[in-house]
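Novice: build me a model from this:
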Amino acid sequence: MAGPLKRETIEAWRFAISFLVDRDRSKAARKAFWAQGLDRCARILNDIGLSRSEFDDGVRLPYASEDLLTSAMRSTGIDPDTFRSLQAARGGMSRICITCSHRRQCRGHLDAFDFEDHYQDFCPNSLSFAKLLEDARP
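Specialist: Here you go, the predicted structure:
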């Protein structure tokens, strides 16, 4: 009886620590981003179609300091460095990923190496992934 309670307590502490570490990384990433200068940051945000307030809101989401889009592309068999993938990322996929409310679920599946089996159920970029995969077929 004490075993399950102990495991739940340990898991709760792990989650709390992970949350705090993630929050600190996100704050550092936001600070480093804006340290590049307002003009450069404005160009970057404009390239991905994100306003400053959307960026600031996105940085408050779980795992905001991590590039989940590139990992998700690799997981599904898409080369993130191809021209089509780079264009899709600039064409809206990055914006969607940065502002996505499913980042914790996404990261969990990426960590479990089963993102490709589940992303269609929650990922707002799933249709873009399907299009990139279709375009990559010979």
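
Novice: make it CA atoms for all contacts and neighbour counts henceforth
Specialist: OK.

Novice: roughly how far apart are Leu110 and Asp117?
Specialist: Separation of Leu110 from Asp117 (CA to CA, to the nearest Å) stands at 10 Å.

Novice: the more surrounded of the two?
Specialist: Neighbours were counted for Leu110 and for Asp117 using other CA atoms under 10 Å; Leu110 has more, 18 against 11.

Novice: ok, and the closest non-adjacent residue to Ala64?
Specialist: Nearest non-adjacent residue to Ala64, counting by CA to CA, 6 or more residues apart in numbering: Ser26, 5.7 Å away.

Novice: the one you found: neighbouring residues, count only.
Specialist: Neighbours of Ser26 (other CA under 10 Å): 21.

Novice: and it, what is it in contact with?
Specialist: If you count contacts by CA atoms under 8 Å, 6 or more residues apart in numbering, Ser26 has them with 59-60, 63-65.

Novice: what is the most widely separated pair among those residues?
Specialist: Farthest-apart pair in the contacts of Ser26 is Arg60 and Ser65; separation 9.5 Å (CA to CA).

Novice: the more surrounded of these two?
Specialist: More crowded of Arg60 and Ser65, by other CA under 10 Å: Ser65, with 20 against 16.

Novice: tell me how far that one lies from Asp22.
Specialist: 8 Å.

Novice: per-residue pLDDT, Arg40?
Specialist: Note for Arg40: predicted pLDDT of 95.

Novice: typed the wrong thing, it's Arg95
Specialist: For Arg95, the model assigns a pLDDT of 89.

Novice: name the element it belongs to?
Specialist: Using DSSP states H and E, Arg95 maps to helix 94-98.

Novice: buried set for the helix or strand following that helix?
Specialist: Next along the chain after helix 94-98, taking DSSP H and E as the criterion, comes helix 103-111. Within helix 103-111, the residues that count as buried by 16 or more other CA atoms under 10 Å are 103, 105-107, 109-110.

Novice: next one: stretch 10-24
Specialist: Applying 16+ other CA under 10 Å to stretch 10-24 flags 22-23 as buried.

Novice: state the mean pLDDT of that stretch.
Specialist: 79.

Novice: pull the CA atoms of it into PDB?
Specialist: Taking C-alpha atoms only, stretch 10-24 is exported to PDB below (Å, rounded to 0.1, in the frame of the first residue of the first chain):
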ATOM      1  CA  ILE A  10       8.100  10.800  -6.200                       C
ATOM      2  CA  GLU A  11       6.400  11.400  -9.600                       C
ATOM      3  CA  ALA A  12       4.800  14.600  -8.200                       C
ATOM      4  CA  TRP A  13       8.200  15.900  -7.100                       C
ATOM      5  CA  ARG A  14       9.700  15.000 -10.500                       C
ATOM      6  CA  PHE A  15       6.900  16.900 -12.200                       C
ATOM      7  CA  ALA A  16       7.400  19.900 -10.000                       C
ATOM      8  CA  ILE A  17      11.100  20.000 -10.500                       C
ATOM      9  CA  SER A  18      10.700  19.500 -14.300                       C
ATOM     10  CA  PHE A  19       8.200  22.400 -14.300                       C
ATOM     11  CA  LEU A  20      10.600  24.700 -12.500                       C
ATOM     12  CA  VAL A  21      13.500  23.800 -14.700                       C
ATOM     13  CA  ASP A  22      11.400  24.300 -17.800                       C
ATOM     14  CA  ARG A  23      10.200  27.700 -16.500                       C
ATOM     15  CA  ASP A  24      13.800  28.800 -15.900                       C
END
